[in-house]
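1. Sequence first, then the predicted structure, then my questions.
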Amino acid sequence: MKREHFRFVDSPVVRALLVPVKSFTAAKVRLAPVLAPDERRLLARQLAEGVLAAAGDLVPFVVCEDDAVARWARALGAGVLCNPGVGLSPAVNAGVAELARRGYASAVVAHADLARPEGVHTIALDGAVVLVPDLRDDGTNVACVPTAAGFRFSYGAGSFDRHRSEARRLGLPCVVVRDRRLAADVDHPEDLRFVDRSWMGTPAELAAP
């Protein structure tokens with residue numbers, strides 16, 4: 001993992017983990033050819049739980065627009081921020097802005113479908129943008145930004161390059177961390193190779209909301 005010349009600060013500044021989560025029943029539709037709806041729902045929920053469990057010393061928040069997801073997040077001890085319902089990028093932008101209003105200096109934004117989220121808290125860095133691209137160097141799986149900088153997230157194909165450009169626009173140092181654990185997400189059927197098949201669970205778990 002390359003961390004350039006910037007020092008990853010152990011400071012008393014409180015940082016947040018922000019995880020955008022949409023309805024579990026609507027998640028992982030690209031896996032429909034290989035997984036049944038209940039299996040996709042359970043997989044999405046367990047992946048998201050893994051990301052929150054990896055928060056370490058970050059204060060965890062979920063940004064969502066689904067009541068069931070909000071209840072799930074609160075049961076796990078995470079704060080809940082309202083998603084305005086207009087897509088991933090606006091939801092993250094709104095969530096980071098709200099964290100700034102609440103006094104968090106930096107936010108680590110992590111996708112809810114990371115297969116191996118361990119260590120996600122270690123990329124937190126004050127005063128700089130940190131980007132973890134996916135395995136294709138195309139998307140942005142994890143990012144850390146100063147909450148008050150006005151960083152505008154733009155997810156989708158090519159987001160890694162757009163986010164580097166956004167850091168340049170703001171005049172912020174940009175650290176790229178290539179970590180194969182955090183780069184692995186579960187979006188396509190071939191990505192299931194990253195997942196321990198024990199996530200399938202029992203019939204009772206599949207029936208849980």
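-> Here it is on my side, so go on.

2. I'd like the distance between residue 33 and residue 91.
-> Here the distance between residue 33 and residue 91 works out to 27 Å (C-beta to C-beta, to the nearest Å). C-beta coordinates here come from the backbone N, C-alpha and C atoms, glycine included.

3. Compare the two (neighbour count), which wins?
-> It is residue 91, of residue 33 and residue 91, that has more neighbours when counted by other C-beta atoms under 10 Å, with 24 against 7.

4. Nearest residue to the more buried one in space, please, no chain neighbours.
-> Nearest residue to residue 91 in three dimensions, chain neighbours excluded: residue 83, at 4.1 Å (C-beta to C-beta, 6 or more residues apart in numbering).

5. Next one: that neighbour from residue 20, what distance?
-> Using C-beta to C-beta, we find residue 83 at a distance of 7 Å from residue 20.

6. What of residue 159?
-> Here the criterion is C-beta to C-beta. By it, residue 159 lies 13 Å from residue 20.

7. Residue 47 too?
-> Relative to residue 20, residue 47 is positioned 13 Å away (criterion: C-beta to C-beta).

8. quick one: common contacting residues for the two?
-> Jointly contacting residue 47 and residue 20 under the rule C-beta atoms under 8 Å, 6 or more residues apart in numbering are residue 112.

9. and the helix or strand harbouring residue 50, average pLDDT?
-> Secondary-structure assignment from DSSP states H and E places residue 50 in helix 37-53. Over the span of helix 37-53, the pLDDT mean works out to 94.

10. Name the nearest residue to residue 50, sequence neighbours excluded.
-> On the basis of C-beta to C-beta, 6+ apart, the spatially nearest residue to residue 50 that is not a chain neighbour turns out to be residue 117, at 5.4 Å.
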